[in-house]
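**Q** Sequence and predicted model, in that order:
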Amino acid sequence: MTAARLIDAARAKGVRIATAESCTGGLVAGAITDIAGSSDVFECGFVTYSNLAKVRMLGVREATLAAHGAVSEETAREMAEGALSRSGATLAVSITGIAGPGGSEHKPEGRVCFGIASSGGTRTETVDFGAPGRAEVRRLSVAHALSLLSTAVDKLP
């Protein structure tokens, strides 16, 4: 899904978008704002690379981070919900993962957790992109986030 198509669909439905990004470091916000006219739909982006930033800027609970880690659907959920509640957006996407290099047996390189939040609720998912390299994991994560946003916009009334 392209950012241009997302913007067109969001504009048609009056949707405002916020992003909460960790491993992508603002690339989703960048992809959206690369498109002329994105100000019609893009509210804001939070780049919360550190756990402290997740807590302070998005309201992720320290207990969630301690119990599940930054790379978890639980953290992705709280990131998306925090972005939604701390902005004027109607739809928020979050991304937290291990772009690489590195990782562990339990959280390998290329594992990325996503959240998508709206007034209708929050959905999370994990995608294992494998270990194609840091730049590719980030590229794939941006594409997936744009797809999640587009699907969510399409489902809105």
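**A** It's in.
**Q** Only C-alpha atoms from now on, for both contacts and neighbour counts.
**A** Fine.
**Q** List the contacts of Gly88.
**A** Arg16, Glu43 (C-alpha atoms under 8 Å, 6 or more residues apart in numbering).
**Q** what's the answer for Ile7, then?
**A** For Ile7, the contact set (C-alpha under 8 Å, 6+ apart) comprises Ile32, Gly37, Ser38, Asp40, Val41.
**Q** Could you work out the most separated pair of those residues?
**A** Of all pairs drawn from these, the greatest distance, 10.9 Å, lies between Ile32 and Asp40 (C-alpha to C-alpha).
**Q** Which of those two has more residues huddled nearby?
**A** Ile32 (21 against 15; other C-alpha atoms under 10 Å).
**Q** now the more buried one, nearest residue through space, not along the chain?
**A** Ala3 (5.3 Å; C-alpha to C-alpha, 6 or more residues apart in numbering).
**Q** ok now do the one you found, which residues does it touch?
**A** Ala31, Ile32, Ile35, Leu146.
**Q** And the average pLDDT for the host helix or strand of the last one is what?
**A** Meaning Leu146. In the assignment (DSSP states H and E), Leu146 maps to helix 134-155. Here helix 134-155 scores 97 as its mean pLDDT.
**Q** for that helix, packing partners?
**A** helix 3-13, helix 27-33, strand 91-97, strand 111-118 (3 or more C-alpha pairs under 8 Å, 6 or more residues apart in numbering; DSSP states H and E).
**Q** low pLDDT regions in the chain?
**A** The chain contains residues with pLDDT under 70 at 1.
**Q** mind checking how far the residue of it most remote from its centre is from Leu140?
**A** Farthest-out residue of the chain from its mean C-alpha position, per C-alpha atoms, centre = their mean: Glu105, at 23.8 Å. Taking C-alpha to C-alpha, to the nearest Å as the measure, Glu105 falls 21 Å from Leu140.
**Q** Check the gap between the residue nearest in space to the middle of the chain and Ala36 for me.
**A** Nearest to the geometric centre of the chain sits Ser94, at 2.2 Å (C-alpha atoms, centre = their mean). Ser94 is 23 Å from Ala36, where distance means C-alpha to C-alpha.
**Q** that older thread, let me know the angle separating the helix holding Leu146 from helix 3-13.
**A** Helix 134-155 runs at 20 degrees relative to helix 3-13, counting by axes from the mean of the first three to the mean of the last three C-alpha atoms, to 10 degrees.
**Q** what comes up buried for helix 134-155?
**A** Using 16 or more other C-alpha atoms under 10 Å as the burial criterion, the residues of helix 134-155 that qualify are 134, 136-138, 140-150, 152-153.
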